[in-house]
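[1] coords please:
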Amino acid sequence: QVQLVESGGGLVQAGGSLRLSCAASGSTVSNYFIGWFRQAPGKEREFVAAIGWSPANTYYGDSVKGRFTISGENAKNTVYLQMNSLKPEDTAVYYCAVKGGSLWYRSSAMYSSWGQGTQVTVSS
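    Next comes the predicted model:
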């Protein structure tokens with residue numbers, strides 16, 4: 001079973017950028033559909049972005065479209081989330097997760113393995 005470890009979170013001012021990493025072990029990321037979700041205190045887990053490999057497609061939540069970019073690097077078995085033009089409302093714990101296909105990719109319940117999360121805090 002694949003294990004996931006997120007990193008790259010931190011404190012950044014509004015308008016700044018961060019790049020999150022999701023490193024996989026135990027299996028190859030290209031065998032899975034990879035999603036990024038986030039959860040702010042008192043709120044439900046929200047879909048952020050996802051990537052599929054065959055075919056190579058990317059998907060984004062409406063609140064991050066045009067600001068965030070998801071990508072993958074097979075050689076490092078890692079998926080990235082580049083976050084630009086950050087806003088205070090982007091503050092949350094960010095998680096990566098895997099599922100077997102692209103159906104229902106916006107639903108966190110469809111993902112089988114999750115990382116521990118990384119905190120992103122955007123100050124105004």
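[2] Only the buried residues of stretch 39-46, if you could.
    Buried residues in stretch 39-46, counted by 16 or more other CB atoms under 10 Å: Arg45, Glu46. Where you see a C-beta, it was placed from the backbone N, CA and C, and this is true even at glycine.
[3] check contacts around the residue nearest the centre of the chain.
    In the chain, the C-alpha closest to the average C-alpha coordinate belongs to Trp36, at a distance of 2.3 Å (CA atoms, centre = their mean). By CB atoms under 8 Å, 6 or more residues apart in numbering, the residues touching Trp36 are Leu20, Cys22, Val48, Ala49, Ala50, Ile70, Val79, Leu81, Tyr94, Tyr95, Cys96, Ala97.
[4] Redo those as a markdown table? Include pLDDT and distance to Pro41.
    Formatted as a markdown table, the contacts of Trp36 follow (pLDDT from 0 to 100; distance: CB to CB, whole Å):
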| residue | pLDDT | distance to Pro41 |
| --- | --- | --- |
| Leu20 | 98 | 19 |
| Cys22 | 97 | 22 |
| Val48 | 98 | 17 |
| Ala49 | 98 | 21 |
| Ala50 | 96 | 24 |
| Ile70 | 97 | 24 |
| Val79 | 97 | 25 |
| Leu81 | 98 | 20 |
| Tyr94 | 98 | 14 |
| Tyr95 | 98 | 14 |
| Cys96 | 97 | 20 |
| Ala97 | 97 | 20 |
